[in-house]
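1. Quick one: sequence plus predicted model below, questions after.
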Amino acid sequence: PIRQAAFAQVDMEERFDTFLQKNDFTEEDISEYQGDDNRIQMNMKDEIYMRQRTEGALLDREHTTLYTSLSGPADKKWLEEYTALLKFSMESPEETGFAFEDIMRDIIEQEPSAGEFYFIDGIQIAVQHMESSSAEGDIIDVTVHHHMKDDNYYFGSVSALEEAGIEKRLQPHPRFLEITGNNGTVPRKVDRLIHDGNDRMNGYIEYGDNEELSYYNNLDQTLESFIPYTKQALKAAEDEAIKKDLKEVQKLMQGLKGEAAAMENYAENESIRRLAEIFRDLNYYVRGEIISERSNTTHFAEKVEEKLNNGE
C-alpha cells in the first residue's frame, strides 16, 4: 500500500485525503509515500518530491509550526501540481493572500540562478530556480516555513524585514528589467559588478571606520580591480540608464584613486557613501534583491518609476 505508516493524528490523515480529493489526485499519482505522527514525504507522478513536517501539534490550531519542502523540474507542465502542493503547505491557503499560481509560474519562467521570497504574518515561502547536475534540465526548489519562530526567519527576524521597509510580500516581485525593456536580463559583467560593488561599498560604510578589520586598509586594492572591471561592464551594458549610473560609478572611483592611501574614515567619505547608494539601488532594481535598501537616486530607478507611472 502507498501508506507505509499510518498517521497517529487523524487530522493529518484527513488533511492529506482532502488534498487528494480537492485536486482530483488519486493514490496512483503518489508514489513512495511515507508518513508518521508528524511527518510525510512522497513523490508525485515520479517527478516532484515533497516532504512536510510539524512539531506534533494538531493542524489548524493557532501557531502550529509547519515546514514543507518540494522540488522538481522547472517546467510549466507541472504548474498545476506545484500550485496544489504549495497550497497544501498552508493551514488555510484561502486566508493568506498569496498568489500561489503566480509564484510558481514566475520562478519557472526565470533563469537560473533566480530566487524569490514571499512572507506574511509568520509564513515565509522561498523559491529557487537552479541548474540541474543531470541532463534533464533545470529544477525548482521550494521551502515553506509556517508559523516559525521569529529568530528562525531566513532574513534573520521579522524586525529586520520591517527595518527594510517590507511589511509583507504576497505577489511576485516586479521584474524591473522587463518593465524597462531589458527582457529580464542584464549582461553577466554588469550583474557581477553590481553584486560585488554593493557588497564592498556597503561593507565600507558598515565596517570602514574599524581599524581592526581588513576592510579599513584595502580601498586601493578594491579600486585596482574595480576600475577596469567597471570599464568592461560599461562596454557590455546595453541599457542607457544603467550606462549613466555606471559612468557615475567610474567617475567616483577614479576620483577616489588618489585619496585611498591618506583616507582616515571610509564610512564618512562622501564618494564611498554615494557609491554605496548607487549599488544598493541597482542591486534592488536590476538584480531584484528585495532586502536591498533603495536610494531611488539612480537613473535606472527614475526609468522604472517613469514606466510604472505610465502604466507600462
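-> Arrived safely, thanks for sending.
2. all contacts plus neighbour counts: C-alpha atoms, from now on.
-> OK.
3. And the residue nearest to the spatial centre of the chain, how far from Ser71?
-> For the chain, the residue nearest the mean C-alpha position is Glu116 (3.2 Å; Cα atoms, centre = their mean). Distance, Glu116 to Ser71, by Cα to Cα, to the nearest Å: 15 Å.
4. likewise Glu238?
-> Counting by Cα to Cα, the gap from Glu238 to Ser71 is 35 Å.
5. do the same with Thr143
-> When distance is defined by Cα to Cα, Thr143 is 9 Å away from Ser71.
6. and if you look at Leu177?
-> 27 Å.
7. Same check on Leu85?
-> Counting by Cα to Cα, the gap from Leu85 to Ser71 is 10 Å.
8. Check Asn23 too.
-> In this view, Asn23 and Ser71 are 19 Å apart by Cα to Cα.
9. the more surrounded of these two?
-> Counted by other Cα atoms under 10 Å, Asn23 and Ser71 do not tie: Ser71 has more neighbours, with 20 against 12.
10. Ignoring the adjacent residues along the chain, who's closest to Ile140?
-> Nearest residue to Ile140, sequence neighbours excluded (Cα to Cα, 6 or more residues apart in numbering): His129, at 4.5 Å.
11. Repeat that for Ser69.
-> Taking Cα to Cα, 6+ apart as the measure, Ser69 lies nearest to Thr143, with 4.3 Å between them; neighbours along the chain are not counted.
12. can you check Tyr266 too?
-> Closest residue to Tyr266 apart from its sequence neighbours, by Cα to Cα, 6+ apart: Gly208 at 4.8 Å.
13. Show the contacting residues for that neighbour.
-> Residues near Gly208 by Cα atoms under 8 Å, 6 or more residues apart in numbering: Tyr215, Tyr216, Asn265, Tyr266, Ala267.
14. which residues of the chain fall in strands?
-> Along the chain, the stretches classed as strands by DSSP state E are 30-35, 39-44, 48-54, 66-73, 114-120, 123-130, 139-146.
15. Of these, which is nearest Ala301?
-> strand 114-120 (20.2 Å; Cα to Cα).
16. just checking, what packs against that closest one?
-> On a contact count with 3 or more Cα pairs under 8 Å, 6 or more residues apart in numbering; DSSP states H and E, strand 114-120 meets helix 100-109, strand 123-130.
17. Report the angle between the last one and strand 139-146.
-> Following axes from the mean of the first three to the mean of the last three Cα atoms, to 10 degrees, one obtains 170 degrees for the angle between strand 123-130 and strand 139-146.
18. mind showing which ranges of this structure have poor pLDDT?
-> The chain contains residues with pLDDT under 70 at 1-13, 35-37, 55-64, 133-135, 148-166, 311-312.
19. By residue count, which helix of it is the longest?
-> With secondary structure taken from DSSP state H, the chain has its longest helix at helix 188-207.
20. buried set for that one?
-> Applying a neighbour-count criterion of 16 or more other Cα atoms under 10 Å, one finds 189-191, 193-195, 197-198, 200-205, 207 buried in helix 188-207.
21. can you give me how far it is from the chain middle?
-> Helix 188-207 sits 17 Å away from the centroid of its parent chain (Cα atoms, centre = their mean, to the nearest Å).
22. Which residues does that helix contact?
-> Outside helix 188-207, the residues that touch it by Cα under 8 Å, 6+ apart are 213, 215-216, 226, 229-230, 232-234, 236-237, 266-268, 272-273, 275-276, 279-280, 282-283, 286-287.
23. same question, stretch 123-136
-> Under the criterion Cα under 8 Å, 6+ apart, residues 74, 107-108, 110-119, 137-148, 153 lie in contact with stretch 123-136.
24. what's the first-to-last distance across that stretch?
-> End-to-end distance for stretch 123-136: 32 Å, by Cα to Cα.
25. Tell me the buried residues in that stretch?
-> Judged by neighbour count using 16+ other Cα under 10 Å, the buried positions of stretch 123-136 are Ile123, Gln124, Ile125, Ala126, Val127, Gln128, His129, Met130, Glu131.
26. Look up how far Ile194 lies from the fourth one.
-> Plainly put, Ala126 is 23 Å away from Ile194 if you go by Cα to Cα.
27. tell me the contacts of Arg185?
-> If you look again at residue 185, you'll see it is Thr, not Arg. Leu177, Glu178.
28. Save the helices and strands packed on strand 114-120 as TSV, and put in distance to Lys257 too.
-> Shown next, in TSV, are the helices and strands packed on strand 114-120 (distance: least, Cα to Cα, whole Å):
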stretch	distance to Lys257
helix 100-109	41
strand 123-130	39
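29. And the ones you listed: which comes nearest Thr222?
-> Proximity to Thr222, assessed across the helices and strands packed on strand 114-120 by Cα to Cα, is greatest for strand 123-130 (30.3 Å).
30. Partner strands of that closest one and their direction?
-> In the sheet, strand 123-130 lines up against strand 114-120 (antiparallel), strand 139-146 (antiparallel) (DSSP bridges).
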